[in-house]
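[1] sequence and computational prediction follow.
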Amino acid sequence: MNLHLRPVAALLLAAAVTGGCATQQQPLPPAAAPSAETLDAMQRNGDVAAEVPAPREPAVPLSPLDDPGSPLYKKVVYFDYDTAEIRPEGAELLRTHAGYIYQTPSARVTLEGHTDERGTRDYNLALGERRADAVQRFLVAEGVPAERLSRLSYGEERPAEPGSSERAWSLNRRVELVY
C-alpha cells in the first residue's frame with residue numbers, strides 16, 4: 001500500500017467501526033490537574049507511575065569563591081624563580097582572601113605550595129613549603145586566625161602546566177588556596 005494512503009485508510013476504517021455503533025460515546029470532560037496532596041496520596045498508593053517534577057526552587061546564588069566575576073574566584077599566587085617572596089599582585093589577591101576568610105568563620109583553607117620541575121625533588125618540596133609558609137604568614141598578618149589555615153607542599157609533583165618552557169615553569173611556581 002502506498003505510504004500516503006495509509007493515514008486515509010486508517011481514518012476510513014475508524015469511521016466505519018464507530019459509525020456502525022448504536023450508541024455514541026460522549027466526549028470526556030477535560031480533567032483538572034490534581035492537587036499536590038492528591039498527587040502525594042496517589043504516589044503513596046502506587047497510582048502514579050512516573051515521578052511528578054517538583055516545582056523549581058529559586059536559583060541559589062553562587063558563592064563568591066565560585067563566581068567568575070568575583071575577585072575571590074582567583075585562588076593562585078604566583079612566584080618568581082627560586083624564591084618565596086610574594087609579588088605585589090599576589091599581595092592584593094591575598095588581602096582580598098584574608099578579608100573573606102576573616103569574615104567567614106566556617107572558611108578553612110589549605111595552602112598548597114608548588115614549584116617548577118627544575119631542582120631536586122627534596123629542594124622543590126622544601127621550596128613549596130617555604131612558599132606556603134610565606135602565604136600563611138601574610139594571611140595571619142592580615143588578621144586570619146592561623147588555626148583556619150593549613151599548609152602542604154607538592155614541590156614539582158603536580159604541575160599546572162606540563163612542559164619545560166618558561167611559560168610552563170612560571171605557571172607551576174605557585175601557591176593554591178584550596179577552600
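    Thanks, I have it.

[2] drop to CA atoms for contacts and neighbour counts, all remaining ones
    Noted.

[3] and what about Ser150, helix, strand or coil?
    Here Ser150 is recorded as strand under DSSP: H, G, I helix; E, B strand; the rest coil.

[4] once you drop chain neighbours, what's closest to it?
    Closest residue to Ser150 apart from its sequence neighbours, by Cα to Cα, 6 or more residues apart in numbering: Thr110 at 4.7 Å.

[5] likewise Asp82?
    Per Cα to Cα, 6+ apart, closest to Asp82 is Leu127, 7.5 Å.

[6] OK, contacts around the one you found?
    Neighbouring residues of Leu127 by Cα atoms under 8 Å, 6 or more residues apart in numbering: 82-84, 113-115, 155.

[7] which helix or strand contains it?
    Using DSSP states H and E, Leu127 maps to helix 121-141.

[8] do Glu112 as well
    Following DSSP H and E, one finds Glu112 within strand 109-114.

[9] please apply the same query to Tyr154.
    For Tyr154, the enclosing helix or strand under DSSP H and E is strand 149-155.

[10] show me which positions of that strand end up buried.
    By neighbour count with 16 or more other Cα atoms under 10 Å, strand 149-155 contains the buried residues 149-155.

[11] now stretch 160-179
    160, 168-177.

[12] start and end of it, how far apart?
    18 Å (Cα to Cα, to the nearest Å).

[13] ok, stretch 68-83 next?
    29 Å.

[14] what does that stretch rub up against?
    Under Cα under 8 Å, 6+ apart, the answer for stretch 68-83 is 64-67, 85-87, 90, 93-94, 96-97, 127, 131, 170-178.

[15] now do stretch 84-96
    Against stretch 84-96 from outside (Cα under 8 Å, 6+ apart): 71-72, 74-75, 77-79, 127, 130-131, 134-135, 138-139, 142.

[16] ok, and what's touching stretch 132-144?
    The contact list for stretch 132-144 (Cα under 8 Å, 6+ apart) reads 84-86, 94-95, 98-99, 101-102, 111-113, 146, 149, 151-153, 175.
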